[in-house]
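In: generate a structure from the sequence data that follows.
(2 chains)
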Amino acid sequence: MKRSLFVLVALLALAGSAFAQDFIIANGAEPSTLDPALMQDTTSNQFYLAMFEGLVQYDPRTSKGIPAMAQSWETSADGMTVTFHLRDAKWSDGTPVTAQDFVYGWLRTLAPETASNYAYMLGMVVKGADDYNAGKGKAEDVGVKALDSKTLQVQLVGPAPYFVDMTAHSAFAPAPKWAIEKNGDQWTKAGNIVVNGPYILKEWKPQDYILVAKNDKYWDAKNVKLKSIKYLASDNMSTNYKMFKAGAVDWMNGIDVSMIDEIKLRKDYQASAQFATYYINLNNQRAPFNDIRVRRAFAAAIDKKTLVDKVLKGGQIATDEFSPPMAGYTPQPGQGFDPAFAKKLLADAGYPDGKGFPTLTYIYNTNAGHKLIAEYVQQQLKTNLNVDIVLQNMEFKTLIEMRNKHDFTIARDGWVGDYLDPNTMLELFISDSGNNSGDHRNPAFDKLMEDARMAKGDARMKMLEQAEKILLQDDQAIIPLYHYANQDMVDTSKWGGWYANPIGYHPPKFIYKK
Amino acid sequence: MSRKAEKAVNEFNQQMKPVSLWADAWKRLRRNKMALISLWVVGFYALVALTAPLFPFLDYRTQVIEHANLPPSLQPAGKLVIQKLENQKKLLEERVNDGMDSLKPDLERVEVDLQKARQEVDTNPINKKVYIFGTDNLGRDMLSKTIYGARISMMVGLIGTLTAVFVGILVGAISGYVGGWLDNLLMRFVDIMYGLPYMLIVIILMAMFRREGQSSIFILFIGIALVSWLTIARVVRGQIISLKNSEFVEAARSMGASPGRIIFRHLLPNTLGVIIVFTSLSLPSFIMNESFLSFLGMGVSAPLSSWGSLVSEGANTMELYPWQLLAPAIEMTIFLFFMNFLGDGLRDALDPQSKNRT
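Out: Predicted coordinates:
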C-alpha cells in the first residue's frame, strides 16, 4: 500500500513536471527588452516570434514573409503603395486587432522619444518616416494610413521589393495603445502585457528564465501545438550543452565551441549557412581608428581562414565581405589577410612595428565562443602587428548599450539579416542608423543607399554593390570575420516544425512534438 | 668554584646564550617535518614562478592552432597530432557510413590535414615540441599557462598579505595603544569596510576606474588591498590592548621609552605569533578569492591567466579535454595544501606558549 502510494506520488510528480512546460529553449542570454519597438538582438527577438505577429511572419523553411495578421495584400503598379487586408484577429485581452494598431505601433517605433534602434528600418522604406523620426516631420505625414479598421495602406519611398518580407520584423509590430498608455514602460511585465501572437508572457525571472503560455485568443490557436515554452537565460554554452544532453533543454541556439569535435558527430546537431556576418566593430571616429590605414592594417593582420577552418570548425565561411552572396548580388570584399602589407600600413600610419601604438580594449559579451575568437584576434594582432590589446567581457545588455553609445574602441559584433536582401546588411552603416555602432560616416555611402531605395531590379543591386565597395574598400569601416552558420542543437526526429533556414528564426508557433 | 659548577648541572646555573625569537622559531620549525617539506614545496613554486621569464620555452602566448587540445604526453606534438587526426577520421568515417553525408566535407578536411601532418612530422621543428601538461583550445602550452597563472595568483596572495601586514598592523597598533576617540574612529571605519561585500567593492572599482587599454588585474589588486587588512587590524588591536597594561610595558614606559618604541619594540614582537599565523593562513584565501573572481569572469583577462581563470576555462571542457581542468586544479590544490601546512607549522614555531616545550 505504502509502496504503491509512493509510486503514485512519483508518477504524479513526473507528470506534473512534464506538463509544466512543453518545450525548453536555451536562449543564450537575458533578453534586453520584450517591447517589440525596442528589440535589437536575436535573444529578445525570440520573444517577438512567440508573442507578437506582424502583417506577415517568417516562413519557418525559407525565412520569406507569409500571411499573418494580413490575410492578403496588393502592390500598386508603380510598386510605391501596398495595401494590406487584415484578418479577424484578437489581442489577448479580447480587443480586435485593427489597422489603427499598426499605425500606432509603427509611429511608436518612429517617435523620436521612443529612441528605437530600428526606427531607421521603417525610415528606409516608409514615406515621411525618416523625417518624423529625425524630428523634422509630423506623424500625420508618415505614409501609413488605416483606410478602415481592417485595411492598412502604406506609401513607400521607392519600389522596395523586400518591403512585404520586412514587415515580419519587430519594428513593424502592431501595438496595443490602451495597454501602453495605462502601464507606460511597464506594459511588457507579466500581467500587464497584451499580445497578438501565439504565446503570452506568464513569468519572467531575471537572469533565470522566461515562461510563456499558449494564448487562447490567438487567431490560429487551434494550430498551436506547444502549451508552454520556457526560455533559459543562460549564456554558458557548456552548461546549456550538458543540459541538452541530459534532456533538460529541447532546443539550444548556438553551440559550445570547445566541444565542436564531439558535437559535430551528433545527429541532433543542425548546421546550415546563415544570412549573417560576424565582424569586429571599430570606432571610426576615435583615434587610432579614425585613420583608414590603421583600420586596413587591422583587417590585413587577421587570418580568418585559419580561425574558421581550424578553430571554429562549425561550417562558418571565412570572409572579407559583409553582405553574404545571393542571387543577383556580388559582394565586394574588403582587405584580405596580408601580414606584410598590414605591417607596412601600420608603419605608414606612424607606428612602425607597433611602436607607440596605444593599448586598446576589445569588448565582447561573456560567451566561450566569443572569448575564443577574441583571444585568437588578440594573438594575431600581436604576432602580425606587434600590437597589444586587452580583452574585456561583459553582459550582453551592457555590450549593446556601450556599442549604441559608441563608447568603445573595438567591439565584437554580429549581424543577422532581417530579410533576405543585401539592404538589411548594408543599411547598418548609414550615418544616422541606430545600429551604426562604429559610427561610420560617409555621405557617398548614404547617398547610394538612399538612391537604392528608389531603384529597381538590377540597377538597385549595382548601387548596393557600389555601397559595399565604399564601406569595405574605401573605408574598411569594420573587419568582417566570417558568415555565420546556424548552429543549433535540436532533435528533429522528436520535434517537428523546426527547419534550418537562412535567417535562423524559428517561430515557435510551428513547432510540435512528433 | 668553576669545577664545582661543572659538576652540578641544572637549569639554574648555566651560562645561557640568549636565543632570539627568530632563531628559536626556526629551530622548532626545522623539527617539524611536515612544515619543512611545505617550506621546500612553497619555495619551489616561488622559484619557478619568479624565474619563468628566463626560460624562453615557457611561452604562454603563442598559439599553434594545429596543436590545439593535445593531451599531456612525453611524445612529440607531431605524433600526437597524427594520432588525434586518425581518431577523428575513424569517427567521421563511421558516421558517414551511417548516412550522415553532411560530415563528408569534414572528413575530407581531416584527410588533408592528416596528410600534411604526416609530411611535416619530422621536417617542421614545431612538431618536436613536447607538452607534458597538454595544450588548450588554441594550441597554447598548458605548462607555461599554469606557471604564468601561478605568478598572477601568487602575486595576488602576496599583495593582499603585504598590505594586510603593513596597514593592518599600523592601524591596529595605533588604535589599540592610543585608544579613546582615535580607536573609536578607526574601528568604526573598519566596521564600515567590513559591511561592504568584497565582491561588490571589486565590481564597483572595475566599473569606476577601468580605462581604455587597462588590464583589470590592477583594479583587482587594489580591491584586494582595500579589504585585506581589516581582520588583522582588529586582531592586532585586541592583542595590544590586552598587553599594554602589563608590567614590561610599564617598565619601559617608566624608563622613558617613546610610544613608538614601546609599540614596535615591546608590544608587536609579543603579537608576532598571531600575526604570522594569520598572514600565512590568509594568503591562500586571497588566492581563492581571486580564483573566484576570475571564475566569474571578473579577474584577469587573456593572454594572462590565473589559476582561477584556468580552472574556470577548464571546467567548460572537462569531459573532452580533462587535462585543461586538472593541470591548474592540481597545481593550485598542492600549493594551497602546503601553504596551509606551512602556516600551521609557523604557528607552532612562533607560539609563545609553546616556547619552552622541547
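In: okay, CA-based contacts and neighbour counts for the rest of this
Out: Fine.
In: ok, residue B:349 touching residue B:28?
Out: Yes. Between residue B:349 and residue B:28 a contact is recorded at 5.3 Å, counting by CA atoms under 8 Å.
In: more crowded one of those two?
Out: Neighbours around residue B:349 and residue B:28, counted as other CA atoms under 10 Å in any protein chain shown, are more numerous at residue B:349. The numbers are 26 against 19.
In: which residues touch that one?
Out: The neighbours of residue B:349, taking CA atoms under 8 Å, 6 or more residues apart in numbering or on different chains as the test, are B:24-26, B:28-29, B:355.
In: same question for residue A:428.
Out: So residue A:428 contacts A:434-436 (CA under 8 Å, 6+ apart).
In: ok so it is a helix residue?
Out: Yes. Counting by DSSP: H, G, I helix; E, B strand; the rest coil, residue A:428 is part of a helix.
In: how much space separates it from residue A:168?
Out: Separation of residue A:428 from residue A:168 (CA to CA, to the nearest Å) stands at 18 Å.
In: go on, residue A:265?
Out: Residue A:265 is 35 Å from residue A:168, where distance means CA to CA.
In: of the two, who's got more company?
Out: Between residue A:265 and residue A:168, residue A:168 has the larger neighbour count (other CA under 10 Å), namely 29 against 18.
In: leaving out the residues flanking it, which one is nearest to residue B:136?
Out: Nearest in space to residue B:136, with sequence neighbours left out and distances taken as CA to CA, 6 or more residues apart in numbering or on different chains, is residue B:69 at 5.0 Å.
In: show the contacting residues for that neighbour.
Out: Taking CA under 8 Å, 6+ apart, we find residue B:69 in contact with B:134-139, B:321.
In: what do you get if the cut-off is 10 Å, keeping everything else the same?
Out: Applying CA atoms under 10 Å, 6 or more residues apart in numbering or on different chains, we find residue B:69 in contact with A:258, B:81, B:84, B:134-142, B:320-321, B:323-324.
In: give me the residue from the stretch 251-358 of chain B nearest chain A.
Out: Residue of the stretch 251-358 of chain B nearest chain A, by CA to the nearest CA: residue B:316 (5.5 Å).
In: which residue does the stretch 51-200 of chain A have closest to chain B?
Out: Going by CA to the nearest CA, chain B is nearest to residue A:61 of the stretch 51-200 of chain A, at 18.6 Å.
In: show me the helices in the stretch 201-350 of chain A, by range?
Out: Counting by DSSP state H, counting those that start in this stretch, the stretch 201-350 of chain A has these helices, from start to end: A:237-245, A:260-263, A:292-300, A:304-306, A:339-348.
In: so which of the ones you listed is nearest chain B?
Out: From these, taking CA to the nearest CA, the stretch that ends up closest is helix A:237-245, at 5.5 Å.
In: now that closest one: how far from the chain's centre is it?
Out: Put simply, helix A:237-245 sits 23 Å off its chain's centre (CA atoms, centre = their mean, to the nearest Å).
In: which elements pack onto it?
Out: Packing partners of helix A:237-245 (3 or more CA pairs under 10 Å, 6 or more residues apart in numbering or on different chains; DSSP states H and E): strand A:23-26, strand A:251-253, helix A:368-385, strand A:478-490, helix B:307-316.
In: which positions within that helix qualify as buried?
Out: Residues A:237-238, A:240-241, A:244 are the ones in helix A:237-245 that count as buried (16 or more other CA atoms under 10 Å in any protein chain shown).
In: quick one: contacts of that helix?
Out: Contacts with helix A:237-245, where a contact means CA under 10 Å, 6+ apart, come from A:24-29, A:232-234, A:246-259, A:263, A:268, A:367-369, A:489-491, B:315-319.
In: deepest-packed of the helices of the stretch 201-350 of chain A, please.
Out: helix A:292-300 (a mean of 25; mean count of other CA atoms under 10 Å in any protein chain shown).
In: that one near chain B at all?
Out: No. Contact of helix A:292-300 with chain B (CA under 10 Å from any CA of the partner chain) is absent, the minimum separation being 16.4 Å.
In: what's the angle from that helix to helix A:368-385?
Out: 120 degrees (axes from the mean of the first three to the mean of the last three CA atoms, to 10 degrees).
In: now the angle from helix A:292-300 to strand A:478-490?
Out: Using the same axes, to 10 degrees: helix A:292-300 against strand A:478-490 is 30 degrees.
In: picking up where we left off before, residue A:374: which of the buried residues of helix A:237-245 is nearest?
Out: Nearest to residue A:374, judged by CA to CA, of those is residue A:237 at 16.4 Å.
In: what is whatever residue of the stretch 251-400 of chain A ends up closest to chain B paired to in the beta sheet?
Out: For the stretch 251-400 of chain A and chain B, the shortest gap (CA to the nearest CA) falls at residue A:360, measuring 4.2 Å. Beta bridges link residue A:360 to residue A:389 when assigned by DSSP bridges.
In: what's near enough to touch it?
Out: Contact partners of residue A:360, counting by CA under 10 Å, 6+ apart, are A:288, A:387-391, A:408-410, B:211-215.
In: how close does residue A:267 sit to residue B:96?
Out: From residue A:267 to residue B:96 the distance is 11 Å (CA to CA).
In: next: residue B:173.
Out: 74 Å.
In: residues touching stretch B:102-111, excluding its own?
Out: Contacts for stretch B:102-111 (CA under 10 Å, 6+ apart): A:264-265, A:270-272, A:309-310, A:313-315, B:85-86, B:88-93, B:95-97, B:101, B:112-117.
In: what parts of the stretch 301-450 of chain A come near chain B?
Out: Within the stretch 301-450 of chain A, the positions lying close to chain B (CA under 10 Å from any CA) are A:306-307, A:309-311, A:313-315, A:358-362, A:366, A:368, A:371-376, A:378-380, A:382-383, A:388-394, A:408-409.
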